[in-house]
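**Q** model the following, please.
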Amino acid sequence: MTNPMLGLALLILLAKVLEEVAARLRQPPLLGDVVAGLPMGPLGFSAVHPSDELELFITIGIFFLVGLEEIDVAGFLANLRTRLFVASVAAFAAPFALVMVVCRYFGLG
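**A** Just a heads-up that it's a prediction; the model follows:
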């Protein structure tokens, strides 16, 4: 397919249709997305080829799929003021800061 946006639009349309089919068969809607990618991708009809733009869409999609669907916002806000939150931020920030200092010291970026 010469127009990558047309291939992407067809992929999204097919994914939505197969999501509905999967939901009616009492399967996870994500199964419809995976099944849609098989015939549209390089292994099938090659309607969608990997490109920089498509990689960006994939990265954003994975972030929303894995990141935002799994976050319990109410539970997160309830635990925001607890010691656990402070400890988890410190457990992330301290090694990150240490690596940044070591990298600066050795001139690695």
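**Q** when you work out contacts or count neighbours from here on, use the C-alpha atoms and nothing else.
**A** OK.
**Q** which is the next helix or strand following the lowest-mean-pLDDT helix or strand in the chain?
**A** Across the helices and strands of the chain, mean pLDDT, DSSP states H and E gives its lowest value to helix 69-70, namely a mean of 62. If you walk from helix 69-70 toward the C-terminus, the next helix or strand you reach (DSSP states H and E) is helix 73-78.
**Q** run the chain-centre distance for that next one.
**A** 22 Å (CA atoms, centre = their mean, to the nearest Å).
**Q** max-length helix in the chain?
**A** Counting by DSSP state H, the longest helix found in the chain is helix 83-105.
**Q** elements contacting that helix?
**A** Packed against helix 83-105, as judged by 3 or more CA pairs under 8 Å, 6 or more residues apart in numbering; DSSP states H and E, are no other helices or strands.
**Q** mean confidence (pLDDT) on it, please.
**A** The average pLDDT for helix 83-105 rounds to 87.
**Q** mind checking how far the residue nearest the centre of the chain is from residue 6?
**A** For the chain, the residue sitting closest to the mean C-alpha position, by CA atoms, centre = their mean, is residue 62 at 0.8 Å. Here the distance between residue 62 and residue 6 works out to 21 Å (CA to CA, to the nearest Å).
**Q** and residue 38, by the same measure?
**A** Taking CA to CA, one finds residue 38 at 17 Å from residue 6.
**Q** do residue 63 as well
**A** Counting by CA to CA, the gap from residue 63 to residue 6 is 23 Å.
**Q** equivalent analysis for residue 35, please.
**A** Distance, residue 35 to residue 6, using CA to CA: 19 Å.
**Q** where does residue 45 sit: helix, strand or coil?
**A** When states are read from DSSP: H, G, I helix; E, B strand; the rest coil, the local structure at residue 45 comes out as coil.
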